[in-house]
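> Here you go, sequence then predicted model.
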2 protein chains.
Amino acid sequence: MPDEQLTVAELSESGLLARIFPRLDHRPGILLGPGDDAAIVSAPDGRTVISIDTQVQDQDFRLEWTNGYRTTGYDVGWKAAAQNLSDINAMGATATSMVVSLTLPPETPVSWVEDLADGLTAGIRELGAVDCSVAGGDLGRGREISVTVAVLGTLSGGRAVLRSGARPGDVLALAGTVGRAAAGLALLESEADVHSLKPEQRVLLDVQCRPQPPLSAGPLARAAGATAMLDISDGLIRDGARLAHASRAVLDLDPRELKHLAESLAPASDLLGMDPLAWVLGGGEDHSLLATFPPGIQLPAGFTAIGSVQALGTNESPGVKIAGQAAGTGGWDHFAD
Amino acid sequence: MPDEQLTVAELSESGLLARIFPRLDHRPGILLGPGDDAAIVSAPDGRTVISIDTQVQDQDFRLEWTNGYRTTGYDVGWKAAAQNLSDINAMGATATSMVVSLTLPPETPVSWVEDLADGLTAGIRELGAVDCSVAGGDLGRGREISVTVAVLGTLSGGRAVLRSGARPGDVLALAGTVGRAAAGLALLESEADVHSLKPEQRVLLDVQCRPQPPLSAGPLARAAGATAMLDISDGLIRDGARLAHASRAVLDLDPRELKHLAESLAPASDLLGMDPLAWVLGGGEDHSLLATFPPGIQLPAGFTAIGSVQALGTNESPGVKIAGQAAGTGGWDHFAD
């Protein structure tokens, strides 16, 4: 039968692994790669930074969207790489390796899985995680596609940048974009046929499907003295509130900066008649970094000031404000949505 | 509403996490635990051993079985701990930490998830992984329950025991049991009402639901000079063949030892009229260790000799024999089953 029609049910586990392995890179930090009961990865400073994240079909992506776009295995592999690498970035660390667990319905085309491996490899490479490769994994069967990545990283002997270190007077800064993935999601969920999109609209859709976290920014922020940092995966307000709570402070956003960010989303908001500010405040999945820096220092390359850290007032709760006014809740919660 | 009826859909992500965290242990090897973008774990000898494994509802467990047994969250948590700890054990390493990704349908009772956390903690503790605790995790929604654990371990400066080191003349030895989990699975899938089982039958069912991998045996085997080792998760024949292929050798099993192992399964095989030897040869999930040792050395505590390693004959392929005769294929393949 033509290779495009081959499904994973028609291959053995080892047969499927033999299709995947040649599509992965192998970096020197992997001391023992796939093929044994476990892998062995270098942890040069005696510590391992570790995070885990799962993408599930029909929750984190749809195989076919309202606007006709079909999610490719490449998209899913790229996004799995991007969102996990972003968590390591947000600690100020660099990624050393990943282990990947794939759950696949039996009817999944083998070519889709090969495409996923290619997207994973391309994401790691093109986002600049040059020391990272896949050390091992697991394959299993399920009713829906599920891709879990655990990513390992190193702080190279340095400190981690936690969520809890922001101090009143610090500058609040952003590296990367916000709202673009949410605008892309709105396009995917719209009736605006994917084939009729203009390039400036299509690029927003691409951010949703293949996010571009700024992977050099995390270690640069750490070196520059960032006091706190996190990955914006659930929206500026929601993730900002997490940083604010951990640091027992208030984050005050500059409305002019929010306006600039919103204006850049006009190609989607004009087409769909939607409010771009809602995407800026509530949209996750760009996987940008929100960080705080002591006042007066030069922000590292890629960061833009978007507000400041303020002390908690009497009886005030930690949270996010816009020009001193309480910002509404927003962003993504997996359960209470 | 009564707490037993609360579902995960009625709690926020942070609300659910607040139910889970107090049920987890925290060991000193976790340098930074749950709550930031990533965790930080000690890797004292500059290397991290890492493995990942997923359990999916209706593939790896059923919420309710033919014989009336209901899988508890505790069972799933315990099994997730056991099967992952076993992979670290099989390298001769000891576990230092886990990260856990849970995918939950909205209707999952919160009490089931709390029970899962309790089972995970109990499995780690009671199986003897005294240095290990949960460093972090991820929560998401899906149509079926899926539990992925990535487990990290340390070799404490020593070598890893790979699958590839067996030499002709080595003694082939087993630590732990084989076939008991398969016998338990057969009971679960039978019409023999769980409430009517005798204690010696029930204990087999318990091995399927809460396996007991021999966690001290892996490091002991390494210290004793084991030349090769792996975890029997897919059956003695199938996993034995993996070791044989990696070592370019033949494993020859002693039929008297297989007979002893089969006889211990009589409480299930007599009841069900099934062949216990098929469970011994093809059953996985006891998570025992198969290891090879140089001839003449005293086997470490917990290991029993069950055969020997032989050189490949001319034009012979690596594989498993029983008393010199080719053994049929057997065991579990996730796709070609």
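That came through fine. Residues are numbered from 1 along each chain as shown, chains lettered A, B, ... in the order given.
> which stretches of chain A have low pLDDT?
A:1-2, A:328-337 (pLDDT under 70).
> Pick out the residue closest to the middle of it.
In chain A, the centroid-proximal residue (Cα atoms, centre = their mean) is residue A:83; its distance is 2.8 Å.
> In three-state terms, label the closest residue to residue A:208 other than its chain neighbours for me.
Distances taken as Cβ to Cβ, 6 or more residues apart in numbering or on different chains put residue A:184 closest to residue A:208, at 3.1 Å, once the chain neighbours are dropped. Where you see a C-beta, it was placed from the backbone N, CA and C, and this is true even at glycine. Three-state call for residue A:184 (DSSP: H, G, I helix; E, B strand; the rest coil): helix.
> OK, contacts around residue A:184?
Residue A:184 sits next to A:204-209, A:268 when contact means Cβ atoms under 8 Å, 6 or more residues apart in numbering or on different chains.
> quick revisit: verify the stated contact: the residue nearest to the centre of chain A with residue A:287.
Yes: contact criterion Cβ atoms under 8 Å: residue A:83 and residue A:287 qualify, at 5.8 Å.
> Among the contacts of residue A:184, which are located in strands?
Judged by DSSP state E, these include no members of strands.
> I would like a PyMOL command selecting only the buried ones among the residues you listed, please.
Buried residues among the contacts of residue A:184 (16 or more other Cβ atoms under 10 Å in any protein chain shown), as a PyMOL selection:
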select buried, chain A and resi 204+205+207+208+209+268
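> Name the residues contacting each of residue A:83 and residue A:287.
Common neighbours of residue A:83 and residue A:287 (criterion: Cβ under 8 Å, 6+ apart): A:211, A:213, A:233.
> So for stretch A:223-239, first residue to last residue, what's the gap.
Stretch A:223-239 has an end-to-end distance of 22 Å (criterion: Cα to Cα, to the nearest Å).
> same deal with stretch A:190-207?
In stretch A:190-207, first residue to last residue: 16 Å (Cα to Cα).
> Quick check: buried residues in it?
Residues of stretch A:190-207 classed as buried by neighbour count (16+ other Cβ under 10 Å): A:190, A:192, A:194, A:197, A:201-202, A:204-205, A:207.
> With stretch A:14-22 instead?
In stretch A:14-22, residues buried by neighbour count (16+ other Cβ under 10 Å) are A:16, A:19-20.
> same check, this time on stretch A:268-281
Using 16+ other Cβ under 10 Å as the test for burial, stretch A:268-281 gives A:268-269, A:271-272, A:274, A:276-281.
> Let me see the residues that make contact with it.
With Cβ under 8 Å, 6+ apart as the criterion, stretch A:268-281 contacts A:178-180, A:182-184, A:186-187, A:190, A:192, A:201, A:204, A:235-237, A:258-259, A:261-263, A:265-266, A:327-328, A:330-331.
> So for that stretch, first residue to last residue, what's the gap.
16 Å.
> Please apply the same query to stretch A:208-216.
This stretch, stretch A:208-216, spans 20 Å end to end (Cα to Cα).
> Please point out which parts of that stretch sit buried.
Judged by neighbour count (16+ other Cβ under 10 Å), stretch A:208-216 contains these buried residues: A:208-215.
> to the chain's geometric centre, what's the distance from it?
Relative to its chain's centre, stretch A:208-216 lies at 6 Å (Cα atoms, centre = their mean, to the nearest Å).
> what subset of the buried residues of stretch A:14-22 is also close to chain B?
Applying Cβ under 8 Å from any Cβ of the partner chain to the buried residues of stretch A:14-22, one finds that residue A:16 fall near chain B.
> follow-up on the earlier one: between the contacts of residue A:184, which sits nearest residue A:169?
Each of the contacts of residue A:184 was scored against residue A:169 by Cβ to Cβ, and residue A:207 proved nearest at 32.8 Å.
> Spatially nearest residue to the closest one, not counting backbone neighbours?
residue A:180 (4.2 Å).
> and that neighbour, backbone torsions?
phi -70, psi -40 (degrees, to the nearest 10).
> For it, give its distance to residue A:62.
Distance check for residue A:180 against residue A:62: by Cβ to Cβ, to the nearest Å, it reads 19 Å.
> who has more neighbours, the two?
residue A:180 (27 against 14; other Cβ atoms under 10 Å in any protein chain shown).
> Does the more buried one touch residue A:209 like I think?
No: between residue A:180 and residue A:209 there is no contact under Cβ under 8 Å: 11.5 Å.
> measure residue A:151 to residue A:90 for me?
11 Å.
> distance of the nearest residue to residue A:75 once chain neighbours are set aside from residue A:60?
Excluding the flanking residues, the one nearest residue A:75 by Cβ to Cβ, 6+ apart is residue A:209, at 4.3 Å. Between residue A:209 and residue A:60 the computed distance is 11 Å (Cβ to Cβ).
> ditto for residue A:113
From residue A:113 to residue A:60 the distance is 17 Å (Cβ to Cβ).
> Next, show the common contact partners of residue A:209 and residue A:60.
Each of residue A:79 lies in contact with both residue A:209 and residue A:60 under the rule Cβ under 8 Å, 6+ apart.
> What are the boundaries of the strands in the stretch 151-300 of chain A?
A:171-175, A:228-232, A:250-253, A:288-293 (DSSP state E, counting those that start in this stretch).
> Equivalent analysis for the stretch 1-150 of chain A, please.
Ranges of strands within the stretch 1-150 of chain A are A:30-32, A:39-42, A:47-56, A:94-104, A:133-141, A:146-154, based on DSSP E, counting those that start in this stretch.
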